[in-house]
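> sequence first, predicted coordinates after that:
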Amino acid sequence: MNQLFTTSQPYKPGTTAVFLNGQLKTQTLDDGWVETDPGLGQVTLKEPPRSFGNPDVVQIFYIDTSPVLPETVVDTPLVGVIEEVATLEGELLPTELLEGLTSESEGLEGGVVAVDQLGGVVHDVEQLQGLIVEVC
């Protein structure tokens, strides 16, 4: 009977969850599982599932090790409204036009550097941190 299963992608160690017939198994119990080889995506069940008659359904959930897509740089003007943001973090660099409204933000962090035109409204902000340099 098969006890070794391979996921479609390698997984991060410590992130697997095994379900047998829709029920989450406990990894440390006698009927749990072992992360055999995360780099190969292999998981070994401590007890083999039924494969005849009414076979067991095995599902393995995990966080894969696929690379995250790189950040995208957008060279268009930033115009718009940001509302009800818990935190806004980042940095805006050499932008010719920055307009918009930031309201009801609990935290706003970042920097604005070398901006020729800066217009807009910031209100109802509990915390505003950052740097504004060379604003004309």
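Nice, thanks for sending it over. These figures come from a predicted structure and were not determined experimentally.
> and this structure, what are its domains?
If you go by automatic domain parsing, the domain ranges for the chain are 4-61, 78-133.
> residue 42 touches residue 34, doesn't it?
No. Residue 42 is not in contact with residue 34 according to Cβ atoms under 8 Å; the separation is 9.2 Å. Just so you know, the C-beta spots here come from the backbone N, C-alpha and C atoms, and that holds for glycine as well.
> low-confidence stretches in this protein?
69-136 (pLDDT under 70).
> tell me where it has strands.
Per DSSP state E, the chain carries strands over the ranges 4-6, 17-20, 23-24, 33-37, 42-45, 58-61, 78-83, 87-88, 91-92, 98-103, 107-108, 111-113, 118-123, 131-133.
> for the first one, which strands pair with it and how are they oriented?
Partner strands and pairing direction for strand 4-6 (DSSP bridges) are strand 42-45 (antiparallel).
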